[in-house]
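Engineer: 3D, please:
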Amino acid sequence: MNLVGYEIAHVISHGGFGTVYLAFRRTDGRQVAIKVLRLPNDENVRRFYREATLLHRELMNPHVVDLIEADLDHSPPLIVMEYCQGGSLESWVQQRHPWGEVVLALAHAAQGLCGIHARNGFHRDIKPGNLLLTRPLSEGGVVKVGDFGLARVPMASSGPMTRSPWGTEGYIAPEVYISRTHTAQADVYSLGITGIELLTGNRDPNGLANASGPRALHEFLRRMVNLDSKQRPTMAECASRFKTLLVQSESPAESPARGGFQPAAQPAGGRGIVGAILATLALLAVGAAATANKKDANGRYHGRDGKFRGGRWG
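Structural biologist: Next comes the predicted model:
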């Protein structure tokens, strides 16, 4: 495949609606991920447009993958995003990480989802494979929410739910199967299941009985996966609670013998996981304003008024 301005390296993944390629931008050599739509019928292009629109709205969100460019009139339609070279958290399921790192990753993901939920939107497919690392957390990496192919942000004529039980088996909230409606609280469930899986290697909440970390963390994850969606915390409460757990893990009184966080060894030249935790606490404190001075590197996806442009689809 030949794309003007980019050199394709190889396929990263195949999804239900698109193929993602690793590519290099010819102007500066920057690595990017290019999502190319398969079967570009009208409905799939509209889905692509919604995904690009949501990414554009979350440009100031440091925990959502950055949109670089979108060309929905290209044949085939494509979206160019930042490339997260650290891979996804799916690798953490089999390769256990300290519970403090898991909480740090969940805090990043929750912060990313807060911006979407604040708009009465939702992701609909939260799982380890859709939480991406810019680089290892111990080296100052950031977890970003990716793959918004199923996401929804209500337009003027819609409400904060949708009647499509899509998602990934094992992470879908029970009410979605029953009522065929999806709300932001279903994302809370999916993130809770993800946290359980990262701690235990499986998605069974009962496995938390033998998991590492403090009881407060286990109890909060159980709240997130409560069968009654009304009993779950909001995503904003999740971000706040994970922040509190991180603060407690840094307390000198919280020794490893009492379930405290045992910091990972700091790599040569890196700031270590403790530094990553402190950086996250600062970032959570200031929220999206931390990147308010961020400038768009490419103007092909928006007009001079700053609004998203999706060709004939926008």
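Engineer: okay, CA-based contacts and neighbour counts for the rest of this
Structural biologist: Will do.
Engineer: ok now stretch 128-145, how far from the chain's centre?
Structural biologist: Its chain's C-alpha centre and that of stretch 128-145 lie 9 Å apart, by Cα atoms, centre = their mean, to the nearest Å.
Engineer: for residue 202, identify the helix or strand it belongs to.
Structural biologist: For residue 202, there is no host helix or strand (DSSP states H and E).
Engineer: tell me, how many neighbours does it end up with?
Structural biologist: Residue 202 has 17 neighbouring residues, counting by other Cα atoms under 10 Å.
Engineer: not counting sequence-adjacent ones, nearest residue to it?
Structural biologist: What sits nearest to residue 202 in space, not counting adjacent residues and going by Cα to Cα, 6 or more residues apart in numbering, is residue 196, at 7.0 Å.
Engineer: if I pick the one you found, what's in contact with it?
Structural biologist: The contact partners of residue 196, by Cα atoms under 8 Å, 6 or more residues apart in numbering, come to 202-205, 207-208, 221.
Engineer: write the ChimeraX selection for whichever of those are buried.
Structural biologist: Applying 16 or more other Cα atoms under 10 Å to the contacts of residue 196, the buried members can be selected in ChimeraX as follows:
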select :202,203,205,208,221
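Engineer: just the closest of the contacts of residue 196 to residue 168, please.
Structural biologist: Distance to residue 168 across the contacts of residue 196 (Cα to Cα) is lowest for residue 203, with 12.7 Å.
Engineer: ramachandran angles for the closest one?
Structural biologist: Dihedral pair for residue 203: phi -100, psi 20, per degrees, to the nearest 10.
Engineer: measure it to residue 172 for me?
Structural biologist: Applying Cα to Cα, to the nearest Å, the value for residue 203 to residue 172 is 11 Å.
Engineer: if you look at the contacts of residue 196, which of them are in helices?
Structural biologist: With DSSP state H as the criterion, helices contain residue 221 from among these.
Engineer: can I get the contacts of residue 196 in CSV with distance to residue 246 and pLDDT?
Structural biologist: Output for the contacts of residue 196, formatted as CSV (distance: Cα to Cα, whole Å; pLDDT from 0 to 100):
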residue, distance to residue 246, pLDDT
202, 23, 96
203, 23, 97
204, 24, 97
205, 21, 97
207, 22, 96
208, 19, 97
221, 15, 98
